[in-house]
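**Q** quick one, what's the 3D model for this:
(one chain, ligands or ions: 1)
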Amino acid sequence: MLLIFLALPLVASSDATERDRQSMVRTQIRARGISDKATLEAMRNVPRHLYVPAAQRRFAYQDRPLPIGYGQTISQPYIVAFMTEIIGPEPQHKVLEIGTGSGYQAAVLAEIIDQVYTIEIIRPLGEQARRKLEAQYDNVHVKIADGYYGWEEQAPFDAIVVTAAAEYIPPPLVEQLKEGGRMIIPVGSPFQMQHLMLVEKKTGGEITTRSLMPVRFVPFERAE
Ligand code: SAH
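**A** Next up is the predicted model:
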């Protein structure tokens, strides 16, 4: 009897996360206009609940950011999907993410893209994400550093995804973008309205920027 009681919730809970995830993609992501097949598939595949602290697991598929410790947050699922779709991810791409945090956005990128490089400034967060990502993927590389300077040895990148709000677009990141490449970055002051900006480097090197939507991200920190 006892065994049955113990076993049931386990089975139910793994089915429930699967169901919650499919419903998240349907109601929060597809319904809001995300249509890139690879992005939707990646959002269906990555177990978001395993990238949040245990105490947050039951909220993992809700339509909002969640605390991940150290004053940081995992972004709302829709924002993760939006930032993934907008860079036009292709398997043969090389992508850089600034702000590994929980590792969730990096995992979504790694489902689609062959080479994912991600930088986190808070060591314990970076190390924890590295452990989770390395257990699952062999195409994700995590570095603990100030992402302002990008990852010069691995540049140039087809795409750069910045997940912390910078006061201005860091010039080294623009430098490390390939011609034809795209960067998505929230820009603005920590306590004011921020804008999600799309930066494109055209063939020949011309830079264009476009504001896509108002957002609220944790601040882009600088190493002392
Ligand atoms: N992409 C993350 C979002 C985490 S929140 C996820 O999917 O969970 C943003 C993260 O950016 C935080 O973990 C914060 O510590 C990190 N960050 C802030 N400034 C940074 C910088 N200069 N370099 C690297 N990471 C930075």
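
**Q** quick one: buried residues of the one helix or strand residue 105 maps to?
**A** Using DSSP states H and E, the element containing residue 105 is helix 104-112. Of all the residues in helix 104-112, those buried under the rule 16 or more other CB atoms under 10 Å are 104-112. From N, CA and C alone the C-beta is placed, and that goes for glycine too.

**Q** nearest to residue 211 among the residues you listed?
**A** Residue 211 has its nearest neighbour among the buried residues of helix 104-112 in residue 105, at 20.6 Å by CB to CB.

**Q** the closest residue to that closest one other than its chain neighbours: what's it in contact with?
**A** Distances taken as CB to CB, 6 or more residues apart in numbering place residue 80 nearest to residue 105, at 5.3 Å, with adjacent residues excluded. Counting by CB atoms under 8 Å, 6 or more residues apart in numbering, residue 80 touches 43, 104-105, 108.

**Q** other residues contacting whichever strand in the chain runs longest?
**A** Taking DSSP state E as the criterion, the chain has its longest strand at strand 177-187. For strand 177-187, contacts defined as CB under 8 Å, 6+ apart pick out 83, 86-88, 156-169, 173-174, 194-205, 215, 217.

**Q** contacting residues around the closest residue to residue 60 other than its chain neighbours?
**A** Distances taken as CB to CB, 6+ apart place residue 49 nearest to residue 60, at 3.7 Å, with adjacent residues excluded. By CB under 8 Å, 6+ apart, the contact set of residue 49 is 17, 57, 60-61.
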